[in-house]
Structures are given as C-alpha cells and as structure tokens.
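Participant: Requesting a structural model of the entry that follows:
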Amino acid sequence: MVCSGVGRLRTLAPSAWLTLCVVGAAPSVVAAQSSLVVPSQYADVEAPNGVFWAVSPFAARRQLLIDERHLLGLKGRSIARIVLRRNGGDPDALRSSAVWLELTMSHAPRAADATQAAFASNRGGDASVVFAGDVTLPATPGVAKPPASWAGAGAITIRLARPFTYRGGTLCLETVTGKALRATPNEPWWPIDAATQPQSARGAVTTLGVSCIPGCGPTPAGADAASFVPGATACMWLRGVLPANDYALCCLGASARSWGTIPLPMDLTPFGAAGCWVQVDLLVMSRVALRTLPRTGERLGMLEFELPAVPAIVGLSLFSQWAVETRRNAFGWVTSNGVRATVGALSPASGVSWVECADTNASVGRLLRDRCPVLRFEFDAP
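Facilitator: Residues are numbered from 1 along each chain as shown. From the prediction side, this is the model:
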C-alpha cells in the first residue's frame, strides 16, 4: 500500500509523503559523555522551527535517517533513552495527554542522502522494536525563555525497553504513532523543537488572486517552498473548512498570463460562478482525496511529485489552482486562489532524511530534507 490521502500525478515522477533537516557540525567526543544531541549545534540553543514526530497527534508512519557524521560520539554505545525537547517558539500552555508509539531502530543500508521513498528500502536487516506503548505528554506552560529544558515539563523522555547499540553508519528510527488516548478535542499539540534548512536552500511561493470557496478564507491553496528544490518531493495543498466533498481537483499549468488565446485571470461569472476566477492555464488536472485534520477539523488535500535532481530546473515556475464541486452556483464548481511555485537552488547534502505518510500501513511515503527534530540520545557512560 502506498501513502493514502495524497494526490499523485501519473504524468510526472512518482511521489512520496510529510517532514526534515539541516546539517550540523560533528559533535566533539568527550570521554565521559552520556548523551549526544542531533543536530549538535542546537544542544543549548533554540532551533528555528517546530515539527511533529514521535508524539504526533495523528496516526502516521515516519522514518528518520541520520548519518554517522552526526553520531560520532555514539558509536559503540547502547542507546537507552531518547529525549525530545518542546519547541520554545510555541506560546501555548499544554494539558497533560498521551499518545501511542511504536519505535523501531536499525542500521540503514544506505546513507541518509540516498534515502528512498519506500520504507522497506531504508530499514536495516537488524530492525528491532525498542519501544511500544503509551507516551505521556506532560502539562507545560509556554516556554518563557527558549530553549526549553531537557528535563521536567519541557521535555519527553522515551525509555527504550530494549537498548539499541549503535555500530556506526546510518541510523534509522522508524515510528508509528496512533491517535491520542486521553486528550481534549484540541490535544495533544506537543510540537518538538526542529532545525530547518536555510532560506537559500528553498524555492519561492507566491499566491495569485483569491478563493471563492465558501468558508475557506481568501488563500486556502499553497505550496511548500522547501520542497521546490531539485531532487525533492514537491508538495502543493488545499486546506480549510471545505465542503463535505471527498475530493478536489488540483489543476497545474505553466502560465498565469494566458490559457492559449484566453488572457488570465478569467472571470467565471458569465458561466454562473460569480466571484470565481481561473488563475492558471489548465494543462494537467489531478483528482486528490481530502482528509480531515484531527486538531482543527479542517480538510486537507495534498498533491505531490518528485522533481528531477538536475540544475536545469532551477528558476522554473509551476502554477496551480484547486477546484471543488458545489451546488451553490450554476457552474457547479468553486475555485481556490492560484499559486506560483519557483524551483530554488540544489539542496545541500544534509546527512539527515525523513520519510512520512499519514497511513500507518503505507509502503511508500513522502521524502523530505528540509527539517529535522532536535533529539538527544542518552546512554550509560562506561
């Protein structure tokens, strides 16, 4: 089974699914050390972002692959605990809640920068389930002075039932998370501190016009700028309080100026859709399933496809717009804002990769390289 709930473009390269990382300087090796932080430069400094990972509020399968250059102080040690630090940039106070987690660790057969979208391709032959059960998320106020502490309410410690001895090479951490166990409707939102790629390693995204989809606001359509680099899995989305449809159409084009001989944008009022516009030339259309987000109740549709890893595509733009069926007008459709996504420079090799899918039974996910959770490996010093 491949990643469900995500649109796929059959005319383009195969795709994969949701989030990863920035390279850090190799950690110094200290004889008596009992922990190691990845990425190392954020051991005592707040990272610039937050991300879901092992304590996700929704079901997902993820793999995090970390190359040996980030783990030099860990080789030959048995990992006993993994600590996650709360994102200090999130001001919300959080109630205590819990999630179900299964964590598998292995030595990956390939480097992180050669990670593939298929989960089995990255999982080592020594894969072992080192934790399976409930993880309690502590009640915590907003972080007054980032970064959050590695102890107390600012962190979550996952104590491995089976310590894992790291022998060198690329480490693969595979997580399967389930729905919250003891949570209020808005819990658990427990964002983990995360590193991100610099702006120079991202594409550029701008919006065109406004949406006429009822209840969605002016710009429910967007794209992930970090995914628009050569070799990455490009991602475009539609998100909001959408009608109760089970799908939407994502329309792709190469221009926002004209569609053949028709100037753009084109007003759809004469066709019975007052206030709606065609913003891009419609060259390819893909039917994308919509799913409901557990925390907000919003609907989300995502279209993903791989960009070729060649410098020739740097600077090229792809245009997109979404359409949703409706009975509210004579035309039968309402349209989102348009989006222009321009491909940025080649992403530098980070030594960390991430594969994610919202389907826990998926065999293929989305490959990302733009962010990485800040985590601390703890072991007993000899």
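Participant: Could I get the full set of helices for this protein?
Facilitator: 119-122 (DSSP state H).
Participant: For it, give me the ranges with low pLDDT.
Facilitator: Residues of the chain meeting the criterion pLDDT under 70: 1-33, 57, 179-189, 197-201, 294-295, 347-348, 370, 381-382.
Participant: domain assignment for it?
Facilitator: Here the domain parsing of the chain from automatic domain parsing is 16-197+348-379, 199-342.
Participant: Generate CSV for those, with mean neighbour count as supplementary columns.
Facilitator: Using the backbone N, CA and C atoms, a C-beta is placed for each residue, glycine as well. Putting the domains of the chain into CSV (neighbours: other Cβ atoms under 10 Å) gives the following:
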stretch, mean neighbour count
domain 16-197+348-379, 19
domain 199-342, 18
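Participant: Would you mind measuring the gap between the ends of stretch 126-142?
Facilitator: Start-to-end span of stretch 126-142 (Cα to Cα, to the nearest Å) is 40 Å.
Participant: Pull the residues that contact it.
Facilitator: By Cβ atoms under 8 Å, 6 or more residues apart in numbering, the residues outside stretch 126-142 that reach it are 54-55, 86, 90-107, 152-154, 156, 158-164, 172, 174, 181, 187-188, 190.
Participant: Leaving out chain neighbours, which residue sits closest to Ala232?
Facilitator: Counting by Cβ to Cβ, 6 or more residues apart in numbering, Ala232 lies nearest to Leu307, which is 5.8 Å off, once chain neighbours are set aside.
Participant: quick one: the one you found and Val229, what's the gap?
Facilitator: The spacing between Leu307 and Val229, counted by Cβ to Cβ, to the nearest Å, is 7 Å.
Participant: from memory the residue nearest to Ala232 sits against Gly203, does it?
Facilitator: No. At 9.3 Å, Leu307 and Gly203 do not qualify as touching, with contact defined as Cβ atoms under 8 Å.
Participant: Mutual contacts of the two, please.
Facilitator: Listed as contacting both Leu307 and Gly203 by Cβ under 8 Å, 6+ apart are Phe228, Val229, Val343.
Participant: nearest to Ala111, of these?
Facilitator: Val229 (18.4 Å; Cβ to Cβ).
Participant: Does the closest one touch Gly344 like I think?
Facilitator: Yes. Here Val229 lies in contact with Gly344, judged by Cβ under 8 Å, at a distance of 5.0 Å.
Participant: Mutual contacts of Leu307 and Val229, please.
Facilitator: The contact lists of Leu307 and Val229 share Val343, where a contact means Cβ under 8 Å, 6+ apart.
Participant: Residue most distant from the centroid, the protein?
Facilitator: Distance from the C-alpha centroid of the chain, by Cα atoms, centre = their mean, peaks at Pro270 (40.1 Å).
Participant: how close does that one get to Gly209?
Facilitator: Remark: distance between Pro270 and Gly209 (Cβ to Cβ) = 17 Å.
Participant: do the same with Pro230
Facilitator: 28 Å.
Participant: And Thr219, by the same measure?
Facilitator: Distance, Thr219 to Gly209, by Cβ to Cβ: 9 Å.
Participant: again, but for Met285
Facilitator: Distance of Met285 to Gly209, given as Cβ to Cβ: 18 Å.
Participant: joint contacts of Thr219 and Gly209?
Facilitator: The contact sets of Thr219 and Gly209 overlap at Asn337 (Cβ under 8 Å, 6+ apart).
Participant: quick one: stretch 315-323 to chain centroid distance?
Facilitator: 20 Å (Cα atoms, centre = their mean, to the nearest Å).
Participant: oh, I was asking about stretch 247-257
Facilitator: Distance of stretch 247-257 from the chain centroid (Cα atoms, centre = their mean) equals 23 Å.
Participant: same check, this time on stretch 355-372
Facilitator: Centroid separation between stretch 355-372 and its chain, computed with Cα atoms, centre = their mean, is 7 Å.
Participant: ditto for stretch 97-115
Facilitator: With Cα atoms, centre = their mean as the basis, stretch 97-115 stands 15 Å off its chain's centre.
Participant: And that stretch, end to end?
Facilitator: First residue to last in stretch 97-115 (Cα to Cα) measures 33 Å.
Participant: for stretch 84-91, same thing?
Facilitator: 17 Å.
Participant: Show me how far that stretch is from its chain's centre.
Facilitator: In terms of Cα atoms, centre = their mean, the centre of stretch 84-91 is set 17 Å apart from its chain centre.
Participant: go on, stretch 112-124?
Facilitator: Distance, centroid of stretch 112-124 to centroid of chain: 16 Å (Cα atoms, centre = their mean).
Participant: what residues does it touch?
Facilitator: Applying Cβ under 8 Å, 6+ apart, the contact partners of stretch 112-124 are 14-16, 61, 63, 65-67, 104, 106-110, 170, 172, 174, 233, 349-353, 355, 362-367, 369.
Participant: Determine how far the last residue of it lies from the first.
Facilitator: Start-to-end span of stretch 112-124 (Cα to Cα) is 13 Å.
Participant: Could you do stretch 279-289 as well?
Facilitator: Stretch 279-289: ends 22 Å apart by Cα to Cα.
Participant: Report the distance from it to the chain centre.
Facilitator: 23 Å.
Participant: List the contacts of the residue nearest to Ala232.
Facilitator: The contact partners of Leu307, by Cβ under 8 Å, 6+ apart, come to Ala13, Phe228, Val229, Pro230, Gly231, Ala232, Thr233, Ala234, Ile313, Val343.
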